[in-house]
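Chemist: Have a look; sequence and predicted model below, questions after that.
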Amino acid sequence: MEKRVLQAVLLSLAVLLLYQSFFAPRRQPTPVAKTTTPAAAPASSTSPSGPASVTGGAQRPPMPLEKDVPAAAKVVVESDQFKAEFSTRGAVLLSWTLKQYPGAHGHALDLIPDTASNARPPFSLTTSDETLTNTLATATYTPSATTLDLRGKGERTLRFEYTDPSGVRATKVFTFERDGQPFLVGFAAQVLRNGQPQNFAIHSGAGIGDIERAHSSGGFMSGNYYQAPEAITYIDKIARTAPAKLAESPVVEGNVRYAGVDDHYFLGAAILGRQTRIDYGTHAVQTTAGPRTLVSYALSFPQPPSEVKFYFGPKDFDQLMRSDQQLVRTINFGWFAWLVVPLLRALKWVNGFVGNYGWSIIVLTILINIAIFPLRHKSVVSMRKMQDIQPRVKAIQDRYAHLKATDPARQKMNTELMELYKTAGVNPASGCVPMLLTMPVLFAFYALLSVAIELRGAPFMLWITDLSQHDPLYITPVIMGATMLWQQWITPAAGMDPAQKNVMMIMPLMFTFFFIWAPSGLVIYWLFSNLLTIGQQYLTNRIVGAPAKPAKA
């Protein structure tokens, strides 16, 4: 029983890593010339009956000659967490730079990629009337301020207004939340033509993403530990759609709680809570790190909304929770999310004292291993007992080996085995059950360290300067593989024949290969977990004595 459980545990971990490495959705390079974009705009509507229709293409409208367009100016909004730049031409967002998160080259990360994509910029408005849409895109708006400093207690609203002689009047209002929700911005807009309200769609831009850093280094497996940008929609539950599948179903309609785009660590989403139509699209762009595929979306409503809140920021659990409780589901914690969240809080709590996430991982690993020590100890003791009586077990099994599995006489074998277990004081299940109880913790910690933004850019020591990136010298994965080999060597292997032992000894090599490109924080956890397990094995040997010589049949 124990040997099967041990094999099952290791094979389960191998399957998890194999899936992560080769089959998990990954960013597919796409020819730069090919672009699919969301539908342009809803039909003009002022009636509450039914959703507006979406028609037309989403290409940027033809721009007037330069001499006919007033020069655009930039409006800067700055807080402790971000710096945003808006253009007076179209009153659109040009950049949203997160001050506390570095990009690929060490500078602060701009969530709005600077690409050559022809997607409409963030907060562009389109209508069913192409002429009106072109006017809104090329108009020079008058801002309420040229700069807005959110670091004090002053004004937190930025207003853009445009009026022309043809009777078009447009207003865009951006309201920036207080410090408790620093990445949340409210957006309200109104479009009037001859005094009549016009319905409109709100566009997201080409998308958001950490596109330079995602694959800036590493080998063929490096990208498999990083989630490419995906479309996310939450109606009754969260739904993710990879860029490759958006062409099949680009439109989502319903009472949407939120919708947008996320990648491994960052999120750009609209918090809606109303009947909405979302038109998703993809954009192939070229970056210094190679071709990337971004995801955009356009929001349209039965009637113009009074305000829509947008989140542009990190997938930080606490920040997402403060913005909307269901936004935390954009962090892909997997099946063991119920356990990952307490582990995440524990890791942040430990880091509050330690001040280094690498050492915090080690400290938390030690604490977890102390907590599960009794279970592991019981499992090892049981496996030891099974190892001691294994020759007698095999002798009984050999006596009945000539019988078919359906032969009623084989029941005598089970009776003899149970008598042997009873005489030796061994419970066959007492070894596997404690081991199985520890598995959720291992999988949960794996999920946590794979996606926690707290590790992004966090240094450990010496050559490991970013716990979310692979070890640049590959030292820790090799040491981790050696500890797995050591652990396999000293683990009791009751009833395991030489062929099975050889297979189990190959597992450390497989795991070393899988972990070569894994985030170094994850490798450090696995390495120290192995060391603690090895130490526990030797401690158990001291407590219960050295392994007894195999009993004779």
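Modeler: Perfect, thanks for sending it. None of these values were measured; they are calculated from a predicted model. Numbering: from 1, shown residues only.
Chemist: contact partners of stretch 360-368?
Modeler: The contact list for stretch 360-368 (C-beta atoms under 8 Å, 6 or more residues apart in numbering) reads 343, 346-347, 350-351, 354, 441, 445, 449, 467, 521, 524-525, 528-529, 532. Every residue, glycine included, has its C-beta placed from N, CA and C.
Chemist: Could you check how far that stretch is from the centre of its chain?
Modeler: Here stretch 360-368 is found 22 Å from its chain centre; the criterion is C-alpha atoms, centre = their mean, to the nearest Å.
Chemist: Poorly predicted segments of the stretch 351-500 of the chain, please.
Modeler: 427-438, 491-500 (pLDDT under 70).
Chemist: can you do 90?
Modeler: Within the stretch 351-500 of the chain, the segments meeting pLDDT under 90 span 365, 368-452, 454-459, 461-462, 465-474, 476-478, 480-500.
Chemist: Would you map the helices across it?
Modeler: 357-371, 373-399, 410-424, 429-451, 475-490, 498-515 (DSSP state H, counting those that start in this stretch).
Chemist: From the contact counts, what lies against the second one?
Modeler: With contacts defined as 3 or more C-beta pairs under 8 Å, 6 or more residues apart in numbering; DSSP states H and E, helix 373-399 has these neighbours: helix 2-18, helix 410-424, helix 429-451, helix 520-544.
Chemist: repeat that with 6 Å
Modeler: helix 410-424, helix 429-451, helix 520-544 (3 or more C-beta pairs under 6 Å, 6 or more residues apart in numbering; DSSP states H and E).
Chemist: If residue 84 is in a bridge, with which residues?
Modeler: residue 77, residue 96 (DSSP bridges).
Chemist: Roughly how far does it sit from residue 210?
Modeler: Separation of residue 84 from residue 210 (C-beta to C-beta, to the nearest Å): 17 Å.
Chemist: follow-up on the earlier one: dump the helices and strands packed on helix 373-399 into CSV; add mean neighbour count and distance to residue 511 as well.
Modeler: As requested, these are exported to CSV (neighbours: other C-beta atoms under 10 Å; distance: least, C-beta to C-beta, whole Å):
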stretch, mean neighbour count, distance to residue 511
helix 410-424, 13, 33
helix 429-451, 20, 12
helix 520-544, 19, 8
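Chemist: so residue 476 makes contact with residue 523?
Modeler: Yes: with contacts counted by C-beta atoms under 6 Å, residue 476 reaches residue 523, the gap being 4.7 Å.
Chemist: got the helices and strands packed on helix 373-399 as JSON lines, with distance to residue 202 columns?
Modeler: Formatted as JSON lines, those follow (distance: least, C-beta to C-beta, whole Å):
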{"stretch": "helix 410-424", "distance to residue 202": "69"}
{"stretch": "helix 429-451", "distance to residue 202": "29"}
{"stretch": "helix 520-544", "distance to residue 202": "37"}
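Chemist: Looking at the ones you listed, which is nearest to residue 279?
Modeler: The stretch from the helices and strands packed on helix 373-399 with the least distance to residue 279 (C-beta to C-beta) is helix 429-451; that distance is 28.1 Å.
Chemist: The helices and strands packed on helix 373-399: which one's closest to residue 323?
Modeler: Of those, nearest to residue 323 by C-beta to C-beta is helix 429-451, at 18.1 Å.
Chemist: Of the helices of the stretch 351-500 of the chain, which is nearest residue 324?
Modeler: Here helix 429-451 is closest among these (C-beta to C-beta), at 18.8 Å.
Chemist: how about the strands of the stretch 251-400 of the chain, start to end?
Modeler: 251-262, 266-287, 290-300, 308-314 (DSSP state E, counting those that start in this stretch).
Chemist: among those, which is the most enclosed?
Modeler: strand 290-300 (a mean of 25; mean count of other C-beta atoms under 10 Å).
Chemist: Now do it against strand 251-262: the angle between them, please.
Modeler: In terms of direction (axes from the mean of the first three to the mean of the last three C-alpha atoms, to 10 degrees), strand 290-300 departs from strand 251-262 by 130 degrees.
Chemist: what's the offset of strand 290-300 from the middle of its chain?
Modeler: Offset of strand 290-300 from its chain centre (C-alpha atoms, centre = their mean): 17 Å.
Chemist: about what we covered before: mind checking which of the helices and strands packed on helix 373-399 is nearest residue 229?
Modeler: Among those, helix 429-451 sits nearest to residue 229 (C-beta to C-beta), with 14.8 Å.
Chemist: thinking again about what came up before, can the helices of the stretch 351-500 of the chain go into TSV with extra columns for distance to residue 106?
Modeler: Output for the helices of the stretch 351-500 of the chain, formatted as TSV (distance: least, C-beta to C-beta, whole Å):
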stretch	distance to residue 106
helix 357-371	19
helix 373-399	42
helix 410-424	62
helix 429-451	23
helix 475-490	23
helix 498-515	26
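Chemist: Tell me which of these lies nearest to residue 262.
Modeler: helix 429-451 (10.9 Å).
Chemist: Now do the residue nearest to residue 417 when sequence neighbours are not counted against residue 382, distance only.
Modeler: Computed as C-beta to C-beta, 6 or more residues apart in numbering, the closest residue to residue 417 that is not its neighbour in sequence is residue 396, at 5.9 Å. Residue 396 sits 19 Å away from residue 382, going by C-beta to C-beta.
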